[in-house]
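**Student:** Provide a 3D model corresponding to the input given below.
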Amino acid sequence: MSKVCVLFAALLCMALSSAAQTQLLPNSAGLRYSEQISNGPTGSCGCFTLQGVAADASWKLLQLPRGVALDLAGDFGLEDTSKIHDSGYGLTLATYTAGPRITFKAPSSRPFVQALFGLAHGFDSEFPSGGNNLKTSANSFALDLSAGLDYPVNPHLSLRVVQVDYLRTALPNNSNNWQNNLRIGAGITLRFGH
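**Tutor:** Presented below is the predicted three-dimensional model:
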């Protein structure tokens, strides 16, 4: 099932990117600090946090009425924790996702929602690999459903006041191999077009 999801995500990203081929440079690019809350490993209780950075870019596909725009968005996140509870190991998580973003033009802000699909790569950790074997890295499908709010400072610079992501990954964990993550971030966005 996960191979089908990865194939679907790849096909969607290729279709959206081909629609944006005429414009090589993005309309916007952003950088933000992010903090992620992840569910704990099997056999532990509670959640743990990761901290890091995320970057995103968007390419305009369609301008719709009333200031609504459909964009192709790409997002890269890198978060890390040195210790997951009392387990003795940490986790670094890199996510690479892309998909559609809908941006609304409000009087003094630019709210957006997006549904991104791609890959997650966990490393510097311990992942089950059949029997009692462990490996230090693993890959999985990633689903990133997000909403955010940009506050324009001038036509070319906006503050990303907040971005909230529901990030679902499927890294091996000796249980159901699903992780539900909440990522919250803030930063800046540079705009290269109107």
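**Student:** can we go C-alpha only for contacts and neighbour counts from here?
**Tutor:** OK.
**Student:** show me where the protein has strands.
**Tutor:** With DSSP state E as the criterion, the chain has strands at 28-39, 47-63, 69-81, 91-103, 110-123, 127-128, 134-135, 138-154, 157-169, 179-191.
**Student:** mean confidence score for the fifth one?
**Tutor:** In other words, strand 110-123. Regarding strand 110-123, the rounded mean pLDDT is 96.
**Student:** re earlier: mean pLDDT lowest where, among the strands of the chain?
**Tutor:** strand 127-128 (a mean of 82).
**Student:** partner strands of that one, with direction?
**Tutor:** Sheet pairing for strand 127-128, assigned by DSSP bridges, gives strand 134-135 (antiparallel).
**Student:** for N27, phi and psi?
**Tutor:** Taking degrees, to the nearest 10, you get phi -80, psi -30 for the backbone angles of N27.
**Student:** next, count neighbours for it.
**Tutor:** 18 (other C-alpha atoms under 10 Å).
**Student:** quick check: it touching S58?
**Tutor:** Yes - between N27 and S58 there is a contact at 5.8 Å, judged by C-alpha atoms under 8 Å.
**Student:** and stretch 113-121, what's buried?
**Tutor:** For stretch 113-121, a neighbour-count test (16 or more other C-alpha atoms under 10 Å) marks V113, Q114, A115, L116, F117, G118, L119, A120, H121 as buried.
**Student:** my read: the third one touches L145, true?
**Tutor:** In other words, A115. Yes - counting by C-alpha under 8 Å, A115 sits close enough to L145 to count as a contact (4.7 Å).
**Student:** which single one of the buried residues of stretch 113-121 is nearest to D150?
**Tutor:** Using C-alpha to C-alpha, V113 comes nearest to D150 of those, at 11.5 Å.
**Student:** how much space between L134 and A170?
**Tutor:** 16 Å (C-alpha to C-alpha, to the nearest Å).
**Student:** neighbour-wise, which of these two wins?
**Tutor:** A direct count of neighbours by other C-alpha under 10 Å for L134 and A170 places A170 higher, at 20 against 12.
**Student:** could I get the contacting residues of the nearest residue to L159 once chain neighbours are set aside?
**Tutor:** Once flanking residues are discounted, L159 sits nearest to I188: 4.6 Å by C-alpha to C-alpha, 6 or more residues apart in numbering. Shown in contact with I188 (C-alpha atoms under 8 Å, 6 or more residues apart in numbering): G30, L31, R32, L157, S158, L159, R160.
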